[in-house]
Every structure is written in C-alpha cells, then in structure tokens.
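J.: my questions concern the predicted model and sequence given below.
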Amino acid sequence: MEMLVALVIVALAVAGASLALRPDDSRQLANEATRLAMLLEQAREESALAGMPLAWVAAEDRYEFERRSMSRNGPDWTVVRGDDLFRPRQLPGGLNIIRIEVDGRPLVFGERMNLGLQGAQRVMIELAFGQERTRIHGREDRFEVTALAAVKP
C-alpha cells in the first residue's frame, strides 16, 4: 500500500511539472510578437543603411522578407533565402496574423509592405493565439509590442 501511495505522489509530481513547463498561449504569443517586432526593426535599419529596400509580406500563418534587386528584367523583388535572420517563417500552430494596417489603410495578405526609406511610416499588426491578442505598433524606426485583453468566447 505504501508503494502505491508513493507511485501516486510521483505521478502527480511529474504531471504538475509537465504542465508547469508547457508554454501558455500568452507567453508564446508575446515571444512571437517580440520576434516579429525585432525583425521588422532590423529590416528597416538594414534597408536604410544598405540602400537596398527590404519588404515584408505576410499570410495568415507565415511571413517572409523580400529584397529588391536587379534582374534581367530590371529591378524586382525576391524572397530572402539563405539568411538566418530574414528567412521565411511559419508561425506556430494556432498563432495567426489577423490584421495589418499600414499608414492608416488595411494591408491584405500577400501585399508587400516596403520597409525602405520611402516605405511604411505607421504600421499596426495584430496577432492572435487562442483567445489572446497582441499588437505590434511601428512608427519611424521603432516597433513596440502591446498585449490586448483576451477575447471572451
């Protein structure tokens, strides 16, 4: 009987530890939003310093950066590949981009947001994960993350 009680206690301890280590929706959402804000800020800086425009293109569950470069047909946008920082990224399952506004107008998925000197000045990106929501606001060269109240089901 004592052995059975000890096993139950160990099982409860292991279950509690695994639940405590599992990331919750709000923490994962905050991490992804912070990552995206930092990437957008870095892309804007690199675009300004290098003089080669970068753009951001999003879908509901992923995003990528594009670089403007010369091709046989003249200037063209190409997806940045082989760059660990600006590589295409898939959002974790359940996390979605639900709204994008650039300079006061909605941006549709697949539309390019130019991050160069002549690009977007005011940016708002809203992300959702479960009932949790967060926004990324960008003005000039800074991007900031703001958590929103959870949406009630």
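T.: Cool, got the structure.
J.: and Glu144, how far is that from Leu54?
T.: According to Cβ to Cβ, to the nearest Å, Glu144 and Leu54 sit 20 Å apart. For glycine as for every other residue, the C-beta is placed from the backbone atoms N, C-alpha and C.
J.: which one of these two has more residues nearby?
T.: Leu54 (25 against 13; other Cβ atoms under 10 Å).
J.: could you give the bridge partners of the more buried one?
T.: Arg67 (DSSP bridges).
J.: would you map the strands across this protein?
T.: Secondary structure of the chain (DSSP state E): strands at 54-59, 62-71, 74-79, 89-90, 95-102, 105-106, 112-114, 122-129, 132-139, 142-148.
J.: quick check: angle from the first one to strand 122-129?
T.: Relative orientation of strand 54-59 with respect to strand 122-129: 40 degrees, computed using axes from the mean of the first three to the mean of the last three Cα atoms, to 10 degrees.
J.: now strand 54-59: buried residues?
T.: 54-58 (16 or more other Cβ atoms under 10 Å).
J.: repeat that for the last one.
T.: In terms of neighbour count (16+ other Cβ under 10 Å), strand 142-148 has its buried residues at 143, 145.
J.: make 37 the starting number, not 1.
T.: Done: numbering now begins at 37, and the last item shifts to strand 178-184.
J.: quick one: it to chain centroid distance?
T.: 11 Å (Cα atoms, centre = their mean, to the nearest Å).
J.: with the fourth one instead?
T.: Shown here is strand 125-126, whose average C-alpha point lies 9 Å from the average C-alpha point of the whole chain (Cα atoms, centre = their mean).
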